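1. Only the shape, not the letters, is given here:
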């Protein structure tokens, strides 16, 4: 019997740890020359410690664009909820269990799993700021009814290096039709991109249906094709939904998830 994707279906909260709850989705073929990773954080991870006391942490999972599959977000939430009544020998045991279970569905060359809070619940290395210039607040003259890469353009060919970001990005989950909000960071080297046109383009996703990873890759491809930068990285930091945030990063070069603190952007 083929397992059904839980997203968009009514599913009871699991009462016990069950790795079979995890549901893989095929990633498909990556664009040649595109690098990147997906960084997930789950804020509702809990388990029973060795002395019978509940413990909690923020779970961070990072895996590369080269993985054959991605994990479906609701299945990850159900899987995590099932761990709440399970006893583990310690935090290392929790990490190794999650890494092993994800390895079973992702088919990935590597998976990084970590817990980001200590026993006092304090966050480690979080930031509320993005680098560069915010492009929000400009008059874009109306919003296109669908993503339109033709509005993107370069103002001048003189090479510049800059980071631009917007907190106004919204799209819709194609299964549930629930809105997904994100901060989008564009880091590039090349001809200066028209900021008004870039904001207009990003806002044109407001009625678009697409998964987080798909939207990030489309933004990356469109900017690369329209503006031809020498170097480009697009990072989408989504607000959490169902206790999980998804943060895809796509680039012309390899990026290390821990090379800068921006990959621990705290949106809410």
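-> Received, thanks. No experiment lies behind these values; they were computed from the predicted model shown.

2. Quick one: neighbours of residue 58, just the number.
-> Counted by other C-beta atoms under 10 Å, the residues lying close to residue 58 total 19. Just so you know, the C-beta spots here come from the backbone N, C-alpha and C atoms, and that holds for glycine as well.

3. Need the nearest residue in space to it, chain neighbours excluded.
-> Nearest residue to residue 58 in three dimensions, chain neighbours excluded: residue 116, at 4.3 Å (C-beta to C-beta, 6 or more residues apart in numbering).

4. repeat for residue 143
-> residue 203 (4.9 Å).

5. Relative to residue 152, how far out is the one you found?
-> According to C-beta to C-beta, to the nearest Å, residue 203 stands 13 Å off from residue 152.

6. residues shared between the contacts of those two?
-> Residues within reach of residue 203 and of residue 152 at once, by C-beta atoms under 8 Å, 6 or more residues apart in numbering: there are none.

7. quick one: residue 159 and residue 190 touch, right?
-> Yes: Residue 159 is within contact range of residue 190, at 6.2 Å (criterion: C-beta atoms under 8 Å).

8. more crowded one of these two?
-> Taking other C-beta under 10 Å, residue 159 and residue 190 do not tie; residue 190 has more neighbours (20 against 11).

9. Now do the contacts for that one.
-> Going by C-beta under 8 Å, 6+ apart, residue 190 touches 154, 159, 160, 227, 228, 229, 230, 231, 232.

10. hang on, it in a strand?
-> Yes: according to DSSP: H, G, I helix; E, B strand; the rest coil, residue 190 belongs to a strand.

11. Okay, and the beta partners of it?
-> residue 160 (DSSP bridges).

12. Quick one, grab the pLDDT at it.
-> Looking at residue 190, its pLDDT stands at 97.

13. Residue 30 too?
-> Per-residue confidence (pLDDT) for residue 30: 75.

14. what secondary structure does it sit in?
-> Put simply, residue 30 is coil when judged by three-state DSSP.

15. same check, this time on residue 101
-> Under three-state DSSP, residue 101 falls in the helix class.

16. So residue 217 sits against residue 34, correct?
-> Yes: counting by C-beta under 8 Å, residue 34 is a contact partner of residue 217 at 7.3 Å.

17. Neighbour count: these two, which is higher?
-> residue 217 (22 against 16).

18. Now do the contacts for the closest residue to that one other than its chain neighbours.
-> Nearest residue to residue 217 in three dimensions, chain neighbours excluded: residue 250, at 5.6 Å (C-beta to C-beta, 6+ apart). Counting by C-beta under 8 Å, 6+ apart, residue 250 touches 34, 35, 36, 65, 216, 217, 220, 233, 234, 235.

19. Might one say that residue 248 is in contact with residue 216?
-> Yes: using C-beta under 8 Å, residue 248 makes contact with residue 216 at a distance of 4.0 Å.

20. residues shared between the contacts of these two?
-> Common neighbours of residue 248 and residue 216 (criterion: C-beta under 8 Å, 6+ apart): 36, 235, 236.

21. so what sits against both of residue 159 and residue 190?
-> With C-beta under 8 Å, 6+ apart, residue 159 and residue 190 have common neighbours residue 230.
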